[in-house]
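Undergrad: Provide a 3D model corresponding to the input given below.
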Amino acid sequence: MTCLSFEFYPPKTDQQRSQLDRTVERLKPHRPEYVSCTFGAGGSTLNYTSETVRHLHQHHGLDAAPHISCVGGSREELRDLLRLYRALGCRRLVALRGDLPSGMGQVGELRYASELVAFIREEHGDHFHIDVGAYPETHPQATDALVDLHHFKAKVDAGANAAITQYFFNADAYFRFVDDARALGVSAPIVPGIMPIANFTQLRRFSDACGAEIPRWVSQRMRAFGDDADAIREFASDLVAGLCRRLVDGGAPALHFYTLNLANPTLHVLRRLQ
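TA: Presented below is the predicted three-dimensional model:
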C-alpha cells in the first residue's frame with residue numbers, strides 16, 4: 001500500500017474543531033504516515049497551529065508535522081517556536097517561506113525557505129525530518145522554471161529530507177520536475193500533493209492564486225454538469241483517483257492529500273484506489 005499523509009488547517013472555532021475531529025476519525029483508518037498542520041500568514045494562526053498539533057498528537061495519536069514559515073519572524077521567534085514543537089514531541093516539520101501578508105513591511109530575518117532549513121539544522125541538528133515545498137508547474141513568483149528548480153535544489157542542499165509538491169492535475173508535469181531535479185543531483189523523495197475536488201469554484205480560486213493549472217477539458221466537463229452534484233462528485237473522484245494511480249505506477253514515493261478539513265472528497269478518491 002502506498003504511504004499516505006493528510007494536511008489539515010488549524011480550526012479557530014468549536015464548530016471547526018468538531019469538524020476536524022470527525023474528519024480525522026474517518027481518515028485515520030487509512031493509517032497515514034503523518035499529518036501536517038498549516039500555518040497562517042504573518043503568525044495569524046500560530047497559537048491555533050500549535051494547539052492543533054498538540055491535539056492531533058495527544059488526542060488522536062498521530063505524528064503531526066507543523067508548517068513553519070520564516071516570513072515576518074525573527075531568529076529568536078523561530079528559535080522559540082522550534083523549542084515549542086520539540087517539547088510537543090514533534091519530529092517532523094514542513095518548512096516554507098510563506099507569503100508576506102498585506103500591510104506587513106518586512107519579510108523577517110530569514111528570506112527564503114533554504115535559509116529556514118539551514119537555521120533549523122543549525123539549531124537542532126538532525127532531530128527534525130524536514131519537508132519543503134516543490135512546484136512541478138513552477139512557483140507563481142519565479143522568473144522561470146529553471147530558476148525555480150535551482151531554488152528547490154538549494155532547499156535540499158540546506159538539509160531538507162524530502163519535498164511535498166503543490167497540487168497539480170497534469171502527471172507529466174510532476175514526472176518532468178522529478179527528472180529535472182534528479183538531473184541536478186537531487187535525490188530526496190518528491191511526494192506529489194493531491195487536491196481532491198470538493199468545490200470547483202473554490203478550486204479555481206485556489207489555483208489562480210497558487211499557479212496550479214486546471215486542464216481546459218476538466219473545466220469544460222465541470223461546466224457541462226451544471227448543477228448535477230452527484231455527477232460532479234463522481235467525475236472529480238474518478239479524475240483524481242486516476243491521477244493518483246498514474247503517479248504511483250510511475251514511481252511516486254507517497255501521496256499527500258490536501259483535505260481542507262473535509263473527509264468525503266479524500267475518502268471518495270481513496271476508495272477508488274483500494
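
Undergrad: Let me know the average pLDDT across whichever helix in the chain runs longest.
TA: Longest helix of the chain, by residue count under DSSP state H: helix 229-249. When pLDDT is averaged over helix 229-249, the result is 95.

Undergrad: Show me what counts as buried in it.
TA: 232-233, 235-237, 239-241, 243-244, 247-248 (16 or more other CB atoms under 10 Å). Using the backbone N, CA and C atoms, a C-beta is placed for each residue, glycine as well.

Undergrad: and it, what does it pack onto?
TA: Helix 229-249 sits against helix 171-183, strand 190-194, helix 216-225, strand 254-258, helix 264-273, with contacts defined as 3 or more CB pairs under 8 Å, 6 or more residues apart in numbering; DSSP states H and E.

Undergrad: Would you map the strands across the protein?
TA: Under the criterion DSSP state E, the chain contains strands at 3-8, 34-37, 64-69, 92-96, 129-134, 162-167, 190-194, 254-258.

Undergrad: Can you tell me which of those strands is nearest to residue 183?
TA: Among the strands of the chain, strand 190-194 comes nearest to residue 183, with 13.0 Å by CB to CB.

Undergrad: Just give me how far that closest one sits from the chain centre.
TA: From the chain centre to the centre of strand 190-194 is a distance of 8 Å (CA atoms, centre = their mean, to the nearest Å).

Undergrad: Just want the angle from it to helix 171-183.
TA: 160 degrees (axes from the mean of the first three to the mean of the last three CA atoms, to 10 degrees).

Undergrad: Pull up the pairing partners for strand 190-194, direction included.
TA: Here strand 190-194 is paired, per DSSP bridges, with strand 162-167 (parallel), strand 254-258 (parallel).

Undergrad: now it: mean pLDDT?
TA: The predicted model assigns strand 190-194 a mean pLDDT of 98.

Undergrad: Buried ones in that strand, by neighbour count?
TA: For strand 190-194, the neighbour count (16+ other CB under 10 Å) marks 190-194 as buried.

Undergrad: can you check stretch 172-182 too?
TA: Those would be 173-175, 177-178, 180-181, for stretch 172-182 by 16+ other CB under 10 Å.

Undergrad: ok, now stretch 253-272?
TA: Using 16+ other CB under 10 Å as the test for burial, stretch 253-272 gives 254-263, 265-270.

Undergrad: what's the closest of the buried residues of strand 190-194 to residue 98?
TA: Taking CB to CB as the measure, residue 193 is the one of the buried residues of strand 190-194 closest to residue 98, at 16.4 Å.
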